[in-house]
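1. sharing a sequence plus its predicted fold:
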Amino acid sequence: MPVTDEAERLPGAGGDPAGERPDVPLGSLPGWREAAEAALYGPGGFYLRPEGPAGHFRTSVHASRLFAEAVARLLCGVDEALGHPAELAFVDMGAGRGELVHGVLAALPAEVAARARGYAVERAGVPQPLGAEGDREGGPGTGPGEGAGDPVAAAGAAAADVVWCATPPQGVTGLLFANEWLDNVPLDVVEADPDGVLRRVLVRPDGTEVLGGPLDEGPDARWLRRWWPGAARPGLRAEVGRPRDGAWAAAVGTLRAGYAVAADYGHLRASRPAHGTLTGFRAGREVPPVPDGSCDITAHVALDACAAAGAERASASAGAGRTGAARTPLGAGPAGPRLVTQRDALHALGVNGAHPPLTLATTDPAAYVRALAAASEAAELTATDGLGAFGWLLQPVGMPHPAALPEGTPLAVPPEDGARTAP
Ligand SMILES: C[S@@+](CC[C@H](N)C(=O)[O-])C[C@H]1O[C@@H](n2cnc3c(N)ncnc32)[C@H](O)[C@@H]1O
């Protein structure tokens with residue numbers, strides 16, 4: 001999106017109301033966090049539209065049932081590590097239409113399924129039965145945030161064994177899985193002006209941007225120094241991931257014991273994208289981000305920053321109630337967070353794109369065709385230039401990592417408030 005440098009005329013965000021367009025006074029323009037919040041989840045917001053996320057983009061969940069089957073195997077590993085609890089939760093965080101939770105429950109062996117309880121956590125509400133789409137917005141119990149904390153029983157299209165809720169259930173034991181959730185947590189964007197001063201980017205409803213006032217010294221500035229060094233070079237942009245870290249930590253903190261996984265496209269501190277990653281998606285195509293409810297607004301995830309926040313919360317949870325219990329240092333130890341690629345994670349969980357033997361084509365042609373289709377779906381889920389390059393952030397809470405999963409990339413955790421001069 002083109003940026004108009006209005007910084008001279010706008011001494012602070014919310015300051016001088018002078019602007020190019022008299023209909024939208026510059027001083028009243030929101031930053032991207034506020035604008036995306038309203039555009040995605042406010043009245044008429046993108047995620048309240050009847051077609052749901054699958055109408056606009058294809059996640060791993062939509063790509064193949066092999067994904068849910070692999071996550072079901074991971075849930076079995078978590079069950080084993082937890083000693084087969086009487087109730088085993090599967091929490092689908094940012095559930096969309098609940099495709100993952102339903103697929104996981106359906107793929108569980110009977111003995112595990114008998115103890116499993118599925119939760120679909122979705123702030124856009126419970127999907128309506130087919131034919132009731134027109135009633136979705138504003139219908140009882142379907143608005144974002146409605147019933148927060150109070151699980152509402154699923155109706156219509158949603159099966160009875162899944163509990164729909166606006167916020168994750170507290171104190172459960174099991175697996176929390178967030179597929180492409182964190183990239184949709186609204187964030188502010190900053191840009192460095194020609195003098196290297198970081199300014200908040202303000203946005204009009206049509207997506208055009210202006211630079212606001214200098215970023216105050218405060219939590220966002222500290223987050224950027226710690227997690228996005230080099231952001232303050234003239235012309236560069238960064239997304240301020242602090243709200244996302246908080247969202248992940250809060251989700252991790254809902255587990256009494258278990259395992260939390262965030263699967264998303266992301267980046268690490270050593271190689272942040274110089275111009276940020278804010279993007280729009282509409283009807284299967286990448287489009288410029290416009291905060292008017294017509295498209296998704298998404299940004300790649302600073303997975304290492306989320307990892308540190310989640311680890312801190314997990315460590316606090318694991319220490320709670322245990323007098324004098326040693327807390328696991330961030331990013332270290334057998335219960336520290338790990339980052340693996342989706343490709344490696346799925347391979348370890350038994351998904352691979354190997355072609356079936358040609359002999360099967362003559363002995364059982366139908367089985368050969370099915371195996372070929374599965375191999376091609378597995379290849380899509382694990383492609384190094386596609387879904388396979390997603391990161392899986394793995395966070396145990398009061399349990400070790402399940403044995404099946406790979407070691408992954410060690411996560412560097414910089415000190416709380418990095419030095420003012422970026423390395
Ligand atoms: C990109 S979609 C992913 C849907 C699904 N997980 C999948 O992989 O197909 C992100 C979903 O997260 C939901 N979401 C965003 N923030 C949320 C929050 N704080 N609590 C619950 N759901 C949220 C959105 O409404 C949206 O349905």
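-> Noted; the coordinates are in hand. As the structure is a prediction and not an experimental result, all values here were calculated from the model. Numbers count the residues shown, from 1 in each chain.
2. could I get the average pLDDT for the helix or strand hosting Thr173?
-> Using DSSP states H and E, Thr173 maps to strand 172-179. Mean per-residue pLDDT for strand 172-179: 98.
3. swap in stretch 388-403?
-> Mean per-residue pLDDT for stretch 388-403: 95.
4. mind listing what's buried along that stretch?
-> Under the neighbour-count criterion of 16 or more other Cβ atoms under 10 Å, stretch 388-403 has 388, 390-399, 401-402 buried. Yep, even glycine has a C-beta here, placed from its N, CA and C like the rest.
5. please enumerate the strands of the stretch 301-423 of the chain.
-> 301-302, 338-341, 391-397 (DSSP state E, counting those that start in this stretch).
6. what's near enough to touch Arg199?
-> Residues near Arg199 by Cβ atoms under 8 Å, 6 or more residues apart in numbering: 7, 190-193, 211-215.
7. against Val261, how distant is it?
-> 36 Å (Cβ to Cβ, to the nearest Å).
8. cool, Ala345 as well?
-> 8 Å.
9. what bridges to Val91?
-> Tyr119, Leu176 (DSSP bridges).
10. tell me, what's the model's pLDDT at it?
-> For Val91, the predicted pLDDT is 98.
11. can you pull the contacts of it?
-> 119, 121, 168-169, 172, 174-177, 254.
12. hmm, try it at 7 Å
-> Residues in contact with Val91 (Cβ atoms under 7 Å, 6 or more residues apart in numbering) are 119, 121, 168-169, 172, 174, 176-177.
13. again with Gly284
-> Going by Cβ under 7 Å, 6+ apart, Gly284 touches 56-57.
14. 8 Å instead?
-> 56-58.
15. pull out the buried members of the residues you listed.
-> The buried subset of the contacts of Gly284 - by 16+ other Cβ under 10 Å - is 56-57.
16. in strands, which of the contacts of Gly284 fall?
-> Per DSSP state E, strands hold no members of the contacts of Gly284.
17. which one of the contacts of Gly284 is nearest Tyr368?
-> Arg58 (25.9 Å; Cβ to Cβ).
18. so what's the closest one closest to, chain neighbours aside?
-> Gly284 (7.4 Å; Cβ to Cβ, 6 or more residues apart in numbering).
19. and the gap between the one you found and Gln342?
-> Gly284 is 20 Å from Gln342, by Cβ to Cβ.
20. cool, and Ala120?
-> 21 Å.
21. check Gly336 too.
-> 20 Å.
22. what's the answer for Trp227, then?
-> From Trp227 to Gln342 the distance is 22 Å (Cβ to Cβ).
23. could you do Phe57 as well?
-> 16 Å.
24. swap in Pro291?
-> 29 Å.
25. swap in Asn184?
-> The value you get for Asn184 to Gln342, if Cβ to Cβ is used, is 18 Å.
26. Ala178 now?
-> The value you get for Ala178 to Gln342, if Cβ to Cβ is used, is 13 Å.
27. list residues touching both of these two?
-> With Cβ under 8 Å, 6+ apart, Ala178 and Gln342 have common neighbours Ala263.
28. Ser60 is in contact with Gly388, isn't it?
-> No: Ser60 lies out of contact with Gly388 (Cβ atoms under 8 Å); the separation is 9.5 Å.
29. what do those two both touch?
-> Joint contacts of Ser60 and Gly388 (Cβ under 8 Å, 6+ apart) are 342, 381.
30. for the strands of the stretch 301-423 of the chain, which one sits closest to Pro415?
-> strand 301-302 (16.4 Å).
31. more crowded one of Ala345 and Val261?
-> Ala345 (26 against 20; other Cβ atoms under 10 Å).
32. the more buried one and the ligand, how far apart?
-> Distance of Ala345 to the ligand, computed by Cβ to the nearest ligand atom, to the nearest Å: 15 Å.
33. residues in contact with that residue?
-> 70, 392, 405-406.
34. out of those, which end up buried?
-> Going by neighbour count (16+ other Cβ under 10 Å), the contacts of Ala345 have 70, 392, 405 buried.
35. the last one against Leu393, yeah?
-> No: taking contacts as Cβ under 8 Å, Leu405 lies outside contact range of Leu393: 11.8 Å.
36. need the residues touching each of these two.
-> Counting by Cβ under 8 Å, 6+ apart, the residues touching both Leu405 and Leu393 are Arg338.
37. number of residues surrounding the residue in the stretch 201-350 of the chain positioned nearest to the ligand?
-> The ligand sits closest to Ala247 of the stretch 201-350 of the chain, with a gap of 6.2 Å, by Cβ to the nearest ligand atom. A total of 22 residues lie near Ala247 under the criterion other Cβ under 10 Å.
38. where does pLDDT dip in this protein?
-> Across the chain, the ranges flagged by pLDDT under 70 are 1-27, 129-160, 318-334, 417-423.
39. ok, 80 please
-> Scanning the chain for pLDDT under 80 picks out the ranges 1-27, 52-56, 128-160, 317-335, 409-410, 412, 416-423.
40. domains of it?
-> Per automatic domain parsing, the structural domains of the chain span 3-42+188-227, 56-185+245-344+386-397, 353-382.
41. can I get those domains in JSON lines including distance to Pro414?
-> As requested, the domains of the chain are arranged in JSON lines below (distance: least, Cβ to Cβ, whole Å):
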{"stretch": "domain 3-42+188-227", "distance to Pro414": "5"}
{"stretch": "domain 56-185+245-344+386-397", "distance to Pro414": "7"}
{"stretch": "domain 353-382", "distance to Pro414": "31"}
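42. out of those, flag the one nearest Glu239.
-> domain 56-185+245-344+386-397 (4.7 Å).
43. the residue nearest to Gly241 when sequence neighbours are not counted pairs with what?
-> Closest residue to Gly241 apart from its sequence neighbours, by Cβ to Cβ, 6+ apart: Ala302 at 4.3 Å. Ala302 has the following beta-bridge partners by DSSP bridges: His267.
44. surely Ala302 meets Arg244?
-> Yes: the pair Ala302 / Arg244 is scored as a contact, 7.4 Å apart, by Cβ under 8 Å.
45. just the helices in the stretch 251-400 of the chain please.
-> 303-319, 342-348, 359-363, 365-382 (DSSP state H, counting those that start in this stretch).
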